Structures are given as structure tokens and as C-alpha cells.
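[1] Please find the sequence and the predicted model below.
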Amino acid sequence: MKQKITVLGSTGSIGTNTLDVVARHPDQYEIFALSAATQVDLMLGQCAQFKPQFAVMASAPHAQQLAEKLKQNRLQTQVLQAQDALEIIASHPDVDAVMGAIVGAAGLAPCLAAAKAGKRLLLANKEALVVGGALFMDAVKRHGATLLPIDSEHSAIFQCLPEDSCTWADRVDSLLLTASGGPFRQRDPATLSEITPEQACAHPNFSMGRKISVDSATMMNKALEVIEARWLFDMAPEKIKVVIHPQQIVHSMVQFKDSSVLAQLGTPDMRVPIACGLAWPERIASGAPLLDFAQLAALTFEEADAKRFPGLHLSWQALRAPEGTTTVLNAANEVAVAAFLERRLSFDRIHAVNLQTLESVQPGNVSSLEDLMALDARAREQAASVARQWAL
């Protein structure tokens, strides 16, 4: 039987790479549903190729445009416009696996719906754990969902850890997340205010969306990954470390209590962790080129510079703070990055907005999804106010 897949965020980088892997294995997988934000024509092409039963767009006007174009092209895909459409396609009884690739806090609700439905959840939306944390992991355990990390770093750690998670605490000394350092790894911190969105989005190794590229440049992506790793692997924050590895051949490592280290290596291609997640515990061809050791340059490692990347260290601070603080950090960062991309905020002020928002917003009680979303909204409002103070 073919596995039926829902891809949340199908027109983004992770989504298109997922569809590339699926297309290589038509005998094993079929697309049940797709979702996107605004790229109607790209979604139309995906519907023509994969013929999903459902498609969801982020707004009613874009959904209407897609529905009209599907009809013109005599395609049978149904466009869902319900308020909870994402949750419907993530938890549908016919779905076997869900790729959660929506960027930002917007991905939390459908990923949580997939977890509550006991699905095999391929998680590329780090904010589901950064924002949801304990609530999300509780749903995974309570409803018997299978959670597989798709971020290359977390997939690497997952592959290096023993299969029996009950032994991790006794056997593991620390998790070592690798980071490229982004395009400004060697740049003078005094010049960071001059950075443009185009420069920040020019990642040295990966082709990614604009928001994620900026997060890589500030190392906030790694801060979020530290938080994500804490929940994915149930590790104390102090056992999670970050090391700069510009070549990104070693995707991450696990150091054990006997001082041995296991690492997962591969070409920097997101199809590798995607294929791993789709087929686990089996292995399938990803389409990525093989790693040629004879052609490899030197592999180097460096300490993360706190002066150049102050945002990275907010992760450990937020994890030690009251529950919900990571939600505030994520919301502030999304607002700050959007302001930078719209040229309303300088690059070096992204951290200032994040830090000031953390200092201003107290989480309070966060025992439900509604509590988290209310906190998220409150943090965004405060971050927007702070960003206006720093506006260009």
C-alpha cells in the first residue's frame, strides 16, 4: 500500500524538496493534500503533477484563484477554505504521514492536529516545538504519534542516538549542533548595521526561504534549534551545545559518556533528511549527490562568537526562564525579521528587538493552545512597538 502524504507548506523550500523525493518513489508514496500561502501558480503546477485530493491556500482570495485555475485546467483537486482547513488535511483519517513545513508559529496548530490524530509527523516546523514545547510533546506521547525530525541537524542527532530512547539520559553526555555561521561568520561586528536583506539571504550552502536565511545569518535559527532539541530529545539545556562548522558536511554529533562521538555526514541537501523521515527505519534514494571523500576540503570547527551572534545565547536563557518564554522569543524574532526584510529595521537591531521584548512580556499561564496563541499575539504586539522605536 502506498503511504498517503499531506505536505503543509508545499511551495516552500522543504515542501518542494519533499515533492521531489516523493516523485522519485511513485510506487511507495502518493500526495493526499497540499497547502501553501500565496503562490497560486506553483500550487497549480503541483496539483497538476501530483493530483492531490485537497489543496489549501492561506487566504480566501488565493483559494478562489486556485479553484478557478484548477477548473480551467480540468483538475479534480478540491480547494478547502474552512477556517480549520490545515487541521483537517493534517488529521484526515486517510493520511498516513504529514510533512510539517509551514514556516513560523502558523504551523503549530496543524502539526498539533496531526499529533493528536496519531499521525507519522515529519517535523520541519521548528516553531511547533519552540512555541508549543511541553504541550506539543505531550500530545505526541498521549496519542501515539510518531515524530521524526527533518531539520538536518536534528535528523543527524536522531540517527546517531540509540534506538531505545529510555537509555539516552544514561548514555549521552551532550548533543552537538553544527552551524555554518552564515554569510557573516567573519564579518566585523561593527559593520553589521550596513547589511542588506539581499546579503543576509545569501546563505553559503543552502537555498532557503528569506526568513530562514535571515535567521541563519543572525544564528537565531540555531537558537531555535537548541530549544527544539531540548524538547525532541528530552535533554537538559546545558547538555546541548553549538559549534560552527562552515562546510556543513557534519550535520550534527552526539557525544557519549565514554567520550566517543558519533556524527552524521552528508552533502548539504535537504532531500537527505526528508528521505530519511519518509522511509524511516528503511532508507530510500533521496536524489542528493553522494559525498565524495576524495574531493573534500578540510573540515573545520570553531566556537560560536557571542559578540557576533548574541541571539544564539538567548536560547539557553529562554529555556531557563518560565514556560512560555520561548514563545515570546519566537514571536519577537518573526516580527523583527519581517521588519528587517521590509527595510524598516537594521540587521543589528533584530537582536535588540528580541531582547527588549523578552524583558517586557511575562508569559503567565500557558496550559493550552489558546494560551500560547494569546501569548504569541501579545509578544508580537510588543515586538512591533519596539521595532518602531528602532525604525530606520
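    Ah, there it is.
[2] where along the stretch 101-250 of the chain do the strands fall?
    120-123, 146-149, 172-179, 240-244, 250-256 (DSSP state E, counting those that start in this stretch).
[3] which parts of the second one are buried?
    Going by neighbour count (16 or more other CB atoms under 10 Å), the buried part of strand 146-149 is Leu147, Leu148, Pro149. Placement of C-beta: from N, CA and C, glycine included.
[4] The residue lying closest to Thr38 once chain neighbours are set aside in helix, strand or coil?
    Nearest non-adjacent residue to Thr38, counting by CB to CB, 6 or more residues apart in numbering: His62, 5.4 Å away. Using DSSP: H, G, I helix; E, B strand; the rest coil, the structure places His62 in helix.
[5] where's His62 relative to Ala105, distance?
    Using CB to CB, to the nearest Å, His62 is found at 20 Å from Ala105.
[6] Please identify which of those two sits among more neighbours.
    Ala105 (23 against 19; other CB atoms under 10 Å).
[7] Was I right to think that one contacts Asn330?
    Yes - counting by CB atoms under 8 Å, Asn330 is a contact partner of Ala105 at 6.3 Å.
[8] shared neighbours of those two, anything?
    Contact criterion CB atoms under 8 Å, 6 or more residues apart in numbering; residues shared by Ala105 and Asn330: Glu127, Val131, Asp376.
[9] Can you show me the helices along the stretch 1-150 of the chain?
    Here the stretch 1-150 of the chain has its helices, by DSSP state H, counting those that start in this stretch, at 13-23, 40-50, 60-72, 85-91, 108-116, 127-132, 134-142.
[10] can you list the residues that contact the second one?
    Surrounding helix 40-50, the residues in contact under the criterion CB under 8 Å, 6+ apart are 10-11, 19, 22-23, 30-31, 34, 36, 52, 55, 57, 62, 65-66, 69-70, 73, 75, 77.
[11] how does this protein divide into domains?
    3-150, 165-267+292-309, 321-392 (automatic domain parsing).
[12] Could you dump those into JSON lines with mean pLDDT and distance to Gln159 added?
    Shown next, in JSON lines, are the domains of the chain (pLDDT from 0 to 100; distance: least, CB to CB, whole Å):
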{"stretch": "domain 3-150", "mean pLDDT": "95", "distance to Gln159": "10"}
{"stretch": "domain 165-267+292-309", "mean pLDDT": "91", "distance to Gln159": "5"}
{"stretch": "domain 321-392", "mean pLDDT": "95", "distance to Gln159": "25"}
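[13] Out of these, which gets nearest to Ser286?
    Smallest distance to Ser286 across the domains of the chain (CB to CB): 5.9 Å, for domain 3-150.
[14] start to end distance for that closest one?
    18 Å (CA to CA, to the nearest Å).
[15] What sits closest to Gly9 if chain neighbours are left out?
    Ala101 (3.7 Å).
[16] list the contacts for that neighbour?
    For Ala101, the contact set (CB under 8 Å, 6+ apart) comprises Val7, Leu8, Gly9, Ser10, Gly12, Ile14, Gly15, Thr18, Gly107, Ala124, Asn125, Ile150.
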